[in-house]
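**Student:** sharing a model that was predicted from the sequence below.
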Amino acid sequence: MSETVTTAAEQAGAIGPGRLVLVVGPSGAGKDTLLRLAQAACVDDHDVVFPRRVVTRESSADEDNVALGPDEFRRAREQGEFAMSWDAHGHSYALPLDINDDIRAGRAVVVNVSRTVIAALREAYANVVVVAITAPPDVLAQRLAARARHSDGNITERLARSVDDTAAQADVTILNAGSADYHGRQLVRVIRNECWRD
């Protein structure tokens, strides 16, 4: 698997004062489900932003992304239209550049990213919180099989991918093996900078 990272150049140092909440975790952990629940809970909170990622894959029930073809994506990346971009699992991903305006305005920006971009984002932004969402291996396998998304590729390979260092990089870990509503509330507490444990 090839993963590369690019970040928009920022001359004035780390971008702040808002918070960048990075949601990471293995395929099948339920990141998109918890993000949807958190977004619904924060719908009236104008200080919390859930930007749509740009992906070289059609949007689906699993993810409401902005779809771009590979050539369009490459041109946008070359023209500096992304805050961050990376390649993984045969697709290209990016965060829209306007998240920087939200961060500068003091908002919390919540994004689903690859664990490989955590270090670069910690350098680029002043206030980063990493939330690792995970689940037991058997649960991950069941969820990936049930999703049956062609773009997921080989499920065995996805599950074999090392994610051990994700927990080490995380500020908070949510074991998403119980009620999605409960774990969604945990995520909302992190986003709002509240105590996340009951």
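**Tutor:** Thanks, I have it.

**Student:** looking at it, Leu187 is touching Leu35, isn't it?
**Tutor:** Yes - taking contacts as C-beta atoms under 8 Å, Leu187 lies within contact range of Leu35: 7.4 Å. The way it works is simple: take the backbone N, C-alpha and C, and place the C-beta from them, glycine included.

**Student:** how close does the residue nearest the centre of the chain sit to Val54?
**Tutor:** For the chain, the residue nearest the mean C-alpha position is Asn112 (0.9 Å; C-alpha atoms, centre = their mean). Look at Asn112 and Val54: by C-beta to C-beta, to the nearest Å, they are 12 Å apart.

**Student:** try Thr134
**Tutor:** Applying C-beta to C-beta to Thr134 and Val54 gives a distance of 25 Å.

**Student:** try Val129
**Tutor:** Here Val129 is placed at a distance of 22 Å from Val54 (C-beta to C-beta).

**Student:** give me the number of residues near Asn36?
**Tutor:** Careful, residue 36 is Arg; it's not Asn. 17 (other C-beta atoms under 10 Å).

**Student:** can you confirm it is in a helix?
**Tutor:** Yes - inclusion of Arg36 in a helix is indicated when DSSP: H, G, I helix; E, B strand; the rest coil is applied.

**Student:** how close does it sit to Gln186?
**Tutor:** From Arg36 to Gln186 the distance is 14 Å (C-beta to C-beta).

**Student:** surely Arg57 is within a helix?
**Tutor:** No - judged by three-state DSSP, Arg57 forms no part of a helix; its state is coil.

**Student:** quick one: it from Ala40, how far?
**Tutor:** 23 Å.

**Student:** who has more neighbours out of the two?
**Tutor:** Set Arg57 next to Ala40 and count neighbours by other C-beta under 10 Å: Arg57 wins out with 18 against 11.

**Student:** surely the more buried one and Gly69 touch.
**Tutor:** No - Arg57 is beyond contact range of Gly69, at 10.2 Å (criterion: C-beta under 8 Å).

**Student:** how about the helices in this protein?
**Tutor:** Per DSSP state H, the chain carries helices over the ranges 31-41, 70-78, 99-104, 118-124, 137-147, 155-160, 164-169, 180-191.

**Student:** helices or strands next to the fourth one in the packing?
**Tutor:** So the one you mean is helix 118-124. Packing partners of helix 118-124 (3 or more C-beta pairs under 8 Å, 6 or more residues apart in numbering; DSSP states H and E): strand 5-7, strand 19-24, strand 82-88, strand 128-134.

**Student:** pLDDT below threshold where in this structure?
**Tutor:** 1-12, 59-63, 143, 147-168, 195-198 (pLDDT under 70).
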